[in-house]
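Chemist: I would like the atomic coordinates for the input below:
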Amino acid sequence: MSDTVKLLFGVHAHQPAGNFASVVREAHERCYRPFIDVVERYPRFPFALHVSGWLLEFLARESPDDVARLRAMVKRGQIEMFGGGDTEPVLAAIPQADRREQLEALSARVQRRLGVRPHGAWLTERVWESTVVPALADRGMRYVVVDDYHFLCAGTQPDRLAGYHATEENGRTLDVFPISEALRYRFPFAPVEEAVGYLERLAPGGAAIYFDDIEKFGIWPQTHDWVYGQRWLERFIEAVVASPRIELLRYADFHAAHKPLGIVYLPTVSYIEMSEWTLPPHEAERFEQLVARARAEGSFDRDKIFLRGGQWKNFFTRYPESNWMHKRMLHASRRFHALSSDEQKPRLRSFLHLAQANDAYWHGLFGGIYLPHLRRQIFAALARLESGLDARHRPPPIERIDFEHDGDPVIVLRDRATFAAVKTGFGASVRELTSLRLAHNFADTLARREERYYRTIRDKVRSGAFAGAGIASIHDRVAYKTEIAESDLEIDRHPRTMFVDRWRTEGGVDELLGYGDAAIDDPSVRFASANAGVSVKKAYRLRPSALEVSYDIDPAAAGVFSTELNIAMPSCDGPGGSCWIDGRRRAGFGESLRADGCSTIKLADTELGGYAEIALDPAGSVDMRPLFTVSQSEAGFEKIMQAVCLVVAWQVDGRRRVRVRFVARREHAA
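Modeler: Modelled structure (predicted):
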């Protein structure tokens, strides 16, 4: 049927590992289940499906009947299953050994749940680096899907995008399909008649290639009523099945019947929107201006391949918090793979894979680094993995490690209960403070920084610019999930870590204290500061389930010494968090308070199943307030609580020693 257009239709289903169960259930009710309901009635509509491993297991537990329906559609040949990384990692950002194991884990999971082993693969966020080819080929993947933009950036002519191309890396071969951007922006947003008419006007004989998020079919704003209430999906399927100009094929069928159109070497790239999101705000704004100018001049379609922004890994430079998680994961991966094969237990491998889930590492219109519960999942997985690794090979109690490869190593203190990392370049503050027993990093706080969309908020844009038939894509919407004021867009001028120290003389302003290199004096690590007006000696020491920080302060004149602790608590500003001072409940985590003469502060958290206690010796004043950041998602702009910010302070009028003891316990504080 060379006179037909071959429609290759695929959808990708994913939820972040660790996402709230209520959110996933709503996605299932609004999208996954109704999508299955529709396609099940049309066995002549073949399509490809990728489901990330964590989501597939969630559905198998919560809705086994729907998974059984998928299995039946696979068996009858309607669904072609695609593979990929099990926990949806960006393959280019994890080690080669982990790429292979992630790919194998999902293929085995799909085989077990749905009865077939995939031969096509989905690449997370369509992030392409040629280094991923060997792992894909080694695990039986014959082809992958990426955007046609990837091909255009390699110089491929537009008339050569109606099929797949071959590529290779060090002699390992893989075929690559180009997803049509024109189809991504039409399905399901354009009216059915327009979408099908576009397909029918394509040149016959070639492939019309579509593969995109299934969440567009019911979860994205306005889409549930459009796709199911107004029957977009049903009418689309009926129209393409009935069209004499459209032939529906699985990717596997097209791949078996056609030869590659040639060989291609794709550059390191993702989809074009990602190339903007990964840029710093000023550069992202400039990039947007260049794109807008090209569109106005009518040259964008021709020249967009030359308007390339950043690559996905730039998120590690934009967000130091992301870089820290990533480099901690890489270090844990090296420790895991140094084990003997007998020691590499599946449970430990599963924790490593969970720590590689992509969502918490980046931010754009999607991506979840601003979501504390997704970062918490990464650190929980690392804590459980490292507890298992430590049980097999006990590391030193104190050591220097340059996790971030920036020439400024951290000092790691650890025992069976605690992992603490102190960063000299951050004012000798604590970069990470993980309770291994609670599997929680209390220092997991995201700083407030400028984002590209802050200008939109400041300009008080309240509505999108979308016009025309159909519904708006989320790229064209402007919405607000929470009320945001100008004051909410304040930017941090210092790291949001723990034990950030300041000195203020009478009538003066707070000055951040900097420290020299660490001196390791087992079991302590010591720092010294020689700021004008005050000399401070700072020491960290681990005690059972506790981190003790002591300060020897020698001022030239009376002043106030303070230290700031940004403490991540799972409940955030929800009802499960409460602050207790000297045994009395004073506030929730989302509230502010000030108190003098405090000896103990307890932060009790039902989500954590435990509490953090900060003991002050001598008693000091406490200023507590919530730390909020402003972020965007497909649903709109919103404020998200990141941490409880505690500033504890002491009046100092001569030489003085103060101690702060941070304890984490599993029991709930009463």
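Chemist: Give me the pLDDT value at residue 430.
Modeler: Looking at residue 430, its pLDDT stands at 97.
Chemist: Isn't it up against residue 547?
Modeler: Yes. Residue 430 is within contact range of residue 547, at 7.5 Å (criterion: C-beta atoms under 8 Å). Glycine gets a C-beta too; all of them are placed from N, C-alpha and C.
Chemist: shared neighbours of the two, anything?
Modeler: 420, 540 (C-beta atoms under 8 Å, 6 or more residues apart in numbering).
Chemist: residues near residue 172, how many?
Modeler: Using other C-beta atoms under 10 Å, residue 172 is surrounded by 14 other residues.
Chemist: thought it was touching residue 134?
Modeler: Yes. Between residue 172 and residue 134 there is a contact at 4.5 Å, judged by C-beta under 8 Å.
Chemist: where are the low-confidence patches of the chain?
Modeler: 1, 367, 460-481, 668-670 (pLDDT under 70).
Chemist: Which segments of it make up each domain?
Modeler: As recorded under automatic domain parsing, the domains making up the chain are 5-266, 271-310, 314-394, 474-665.
Chemist: for those, which one sits closest to residue 426?
Modeler: Between residue 426 and the domains of the chain, the tightest spacing by C-beta to C-beta is seen for domain 474-665, at 4.7 Å.
Chemist: Determine how far that closest one lies from the middle of the whole chain.
Modeler: 25 Å (C-alpha atoms, centre = their mean, to the nearest Å).
Chemist: can you check stretch 206-218 too?
Modeler: Centroid separation for stretch 206-218 versus its chain: 22 Å, with C-alpha atoms, centre = their mean.
Chemist: From the opening residue of it to its closing one, how far?
Modeler: Distance between the boundary residues of stretch 206-218 (C-alpha to C-alpha, to the nearest Å) amounts to 30 Å.
Chemist: got it, and stretch 59-78?
Modeler: 20 Å.
Chemist: What of stretch 237-247?
Modeler: Start and end residues of stretch 237-247 are separated by 12 Å (C-alpha to C-alpha).
Chemist: so how far does stretch 309-324 reach from one end to the other?
Modeler: This stretch, stretch 309-324, spans 23 Å end to end (C-alpha to C-alpha).
Chemist: swap in stretch 223-241?
Modeler: With C-alpha to C-alpha applied, stretch 223-241 spans 22 Å between its terminal residues.
Chemist: So which bits of it are buried?
Modeler: Buried residues in stretch 223-241, counted by 16 or more other C-beta atoms under 10 Å: 223-224, 226-228, 232-234, 236-237, 239-240.
Chemist: what do you get for stretch 301-309?
Modeler: Neighbour counts over stretch 301-309 (16+ other C-beta under 10 Å) mark 304-305, 307, 309 as buried.
Chemist: Stretch 389-407 now?
Modeler: By neighbour count on 16+ other C-beta under 10 Å, the buried set for stretch 389-407 is 389-390, 398, 403-404.
Chemist: can you check stretch 137-147 too?
Modeler: Those would be 137, 139, 141-147, for stretch 137-147 by 16+ other C-beta under 10 Å.
Chemist: Would you map the strands across the stretch 451-600 of the chain?
Modeler: With DSSP state E, counting those that start in this stretch, the ranges of strands along the stretch 451-600 of the chain come out as 498-505, 511-512, 519-521, 524-529, 534-543, 546-555, 559-567, 577-581, 584-587, 593-605.
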